[in-house]
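A.B. asks: Could you look at this predicted model? Sequence included:
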Amino acid sequence: MAQIHTTQLETQRNSSAHPDQIEGSVHETASTAIKAAALSFGADVVGIANIERWEAYAPAGYRPTDLLPGARSVVVVGARGPTAGAWRAADPRLMEVLGLDFANDRAIAALTGFIEQEYEHYAIQAPGLSVAGHQPPFSYMLAAVLSGLGTRSFAANIVLNPRFGLLYYSACITTLELPADPMLEQDVCPHPMCVQTYKHIGKTPCMAACPADEGGCLDGTIDKDGHIESVYYDRERCASRAMNFGTYVLQQAMADIVTEDDSETRKAKIHSDFFTRVCSGVSFYKESVAQCFECMRVCPIGRQERKLK
């Protein structure tokens, strides 16, 4: 048994405090240790939510207890994807292939083992891909909101962290009961600068970068108090630009190829740059990598973290 367990058990045996106080202290100690471990595994931020929060926000079948019976807590980590240098690359297309190392997945995979080994409670990595059909059984973005790591934004409903802006999230579901972090009381988006831009031109910077009324995917309104009033996000338009690889796109490309009657055209499609990129994307980049960062490129939130000396 780990040293931290020995310390906790000694505290329980020797302390004259009320049992509830002892148990709370043990949970706080475990929470602190788990967060420190997650950061050491490569996460930039860590948040914890209790499973009761999903009752109000997620339908049956999409809750932590549907994935791990007896689940009590969800630990969520966020990690930066593109490096600061990748954001400054001369060719914006380099963002598609640079700096996306899935540090969040590595951190959460290590954390699940840490929890089981150190605390002898069950833990699993929440699935980010569909188990059956097309809908994943767990939302990382919802988990990030419920664990206090960020709030949704005008930019494709991306959850923005107040310090880092765009992060990639992963989550661990565990039967270990941990104290929950508070959800953010103030929305991260819109940034005050974006509110001023909206007052002048009727769009935030991200809306101007991909305007729905010009074939883009973003639109929305800000109320008189500077808060999000409405959000419009055209997912299909966004996918046509930002998700040109992955299983769904491969399926579409294959359907187009197999129904092509002309053999030369069919061969050209198979060897095309587009189909090569699709195949490469499925084999290397998995499902969650974007090909378009333009809405995030103009977002002021987290920009200071990408400025180096």
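C.D. replies: Structure received. Numbers count the residues shown, from 1 in each chain.
A.B. asks: Residue 166 and residue 86, how far apart?
C.D. replies: 12 Å (Cβ to Cβ, to the nearest Å). Just so you know, the C-beta spots here come from the backbone N, C-alpha and C atoms, and that holds for glycine as well.
A.B. asks: Residue 56 too?
C.D. replies: 37 Å.
A.B. asks: any weak-confidence spans in the stretch 1-150 of the chain?
C.D. replies: 1-24, 96-101, 133-134 (pLDDT under 70).
A.B. asks: can you give me the strands in it?
C.D. replies: Here the stretch 1-150 of the chain has its strands, by DSSP state E, counting those that start in this stretch, at 45-50, 73-79, 123-125.
A.B. asks: ok, and which of these has the densest surroundings?
C.D. replies: Scoring these by mean neighbour count under mean count of other Cβ atoms under 10 Å gives strand 73-79 as the most buried, with a mean of 28.
A.B. asks: Which one's more surrounded, residue 56 and residue 86?
C.D. replies: Relative neighbour count places residue 86 above the other of residue 56 and residue 86, with 19 against 7, counting by other Cβ atoms under 10 Å.
A.B. asks: For residue 233, list each beta-bridge partner.
C.D. replies: Beta bridges link residue 233 to residue 218, judged by DSSP bridges.
A.B. asks: In contact with it: list those residues for me.
C.D. replies: If a contact means Cβ atoms under 8 Å, 6 or more residues apart in numbering, then residue 233 has 156, 157, 217, 218 as its contacts.
A.B. asks: mind listing the helices for the stretch 51-200 of the chain?
C.D. replies: 52-57, 64-67, 84-87, 103-119, 140-146, 192-201 (DSSP state H, counting those that start in this stretch).
A.B. asks: so which of the ones you listed gets nearest residue 128?
C.D. replies: helix 140-146 (5.9 Å; Cβ to Cβ).
A.B. asks: buried ones in that closest one?
C.D. replies: By 16 or more other Cβ atoms under 10 Å, the buried positions in helix 140-146 come out as 140, 142, 143, 144, 145, 146.
A.B. asks: Off-centre distance for stretch 105-118?
C.D. replies: Distance of stretch 105-118 from the chain centroid (Cα atoms, centre = their mean, to the nearest Å) equals 18 Å.
A.B. asks: quick one: buried residues of that stretch?
C.D. replies: 105, 106, 107, 108, 110, 111, 112, 114, 115, 116, 118.
A.B. asks: How about the fourth one, nearest residue that isn't a chain neighbour?
C.D. replies: Put plainly, it is residue 108. residue 170 (3.9 Å; Cβ to Cβ, 6 or more residues apart in numbering).
A.B. asks: wait, what's in contact with the residue nearest to residue 116 when sequence neighbours are not counted?
C.D. replies: In space, and not counting its chain neighbours, residue 116 is closest to residue 123: 5.3 Å by Cβ to Cβ, 6+ apart. Neighbour list for residue 123: 111, 112, 113, 115, 116, 172, 173, 174, 175, 176 [criterion: Cβ under 8 Å, 6+ apart].
A.B. asks: Looking at the buried residues of stretch 105-118, which is nearest residue 25?
C.D. replies: Lowest distance from residue 25 to those (Cβ to Cβ) belongs to residue 118, with 16.7 Å.
A.B. asks: Tell me how far the closest residue to residue 207 other than its chain neighbours lies from residue 151.
C.D. replies: In space, and not counting its chain neighbours, residue 207 is closest to residue 218: 4.8 Å by Cβ to Cβ, 6+ apart. To residue 151, residue 218 is 17 Å away according to Cβ to Cβ.
A.B. asks: between the two, who's got more neighbours?
C.D. replies: The residue with more neighbours, out of residue 218 and residue 151, is residue 218; 25 against 19, by other Cβ under 10 Å.
A.B. asks: how far away is the more buried one from residue 212?
C.D. replies: 6 Å.
A.B. asks: Likewise for residue 55?
C.D. replies: 34 Å.
A.B. asks: more neighbours, the two?
C.D. replies: residue 212 (16 against 12).
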